[in-house]
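Enquirer: what follows is a predicted protein model with its sequence.
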Amino acid sequence: MQVEAETVARIIHSAKKPVMTIKPMAAGRCTPFVGLNFTWNTICQQDMVTVGAFNVDEVLEDIEISFAALDRRMPDIGKRSSPDNHQAAFGNL
């Protein structure tokens, strides 16, 4: 089911009971930076964020991105392995 981010934000923000967000990275369709920033800037104080991770490195990255979102700063993370950095969009062929 396709639902716009604006609609999801409105639903979460207007919920009468606590919300538990699930899979904020949309099963890999968006990066943790995008998914977690959207989630932390959309939920209310009583709401919960749930994420899945493949390994400890992903967990640490998700935590750093989350703390950075809550602190309103850029996360201190390394370069991502995806997308492929050797493509025309990055000036490389």
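Expert: In hand now; what should we look at? Residues are numbered from 1 along each chain as shown.
Enquirer: per-residue confidence at Val8?
Expert: According to the predicted model, the pLDDT of Val8 comes to 87.
Enquirer: what number of residues lie near the residue nearest to it when sequence neighbours are not counted?
Expert: The shortest distance from Val8 to any non-neighbouring residue, by CB to CB, 6 or more residues apart in numbering, is to Thr42 (7.5 Å). The way it works is simple: take the backbone N, C-alpha and C, and place the C-beta from them, glycine included. When neighbours are defined as other CB atoms under 10 Å, Thr42 has 19 of them.
Enquirer: which residues of the protein fall in helices?
Expert: Secondary structure of the chain (DSSP state H): helices at 5-13, 32-40, 56-71.
Enquirer: out of these, the one nearest Thr50 is which?
Expert: Minimum separation from Thr50 across these (CB to CB) falls at helix 32-40, 9.7 Å.
Enquirer: what residues sit buried inside that closest one?
Expert: Using 16 or more other CB atoms under 10 Å as the test for burial, helix 32-40 gives Pro32, Phe33, Gly35, Leu36, Asn37, Phe38, Thr39, Trp40.
Enquirer: same deal with stretch 21-32?
Expert: Residues of stretch 21-32 classed as buried under the neighbour-count rule (16+ other CB under 10 Å) are Thr21, Pro24, Met25, Thr31, Pro32.
Enquirer: got the end-to-end distance for it?
Expert: In stretch 21-32, first residue to last residue: 14 Å (CA to CA, to the nearest Å).
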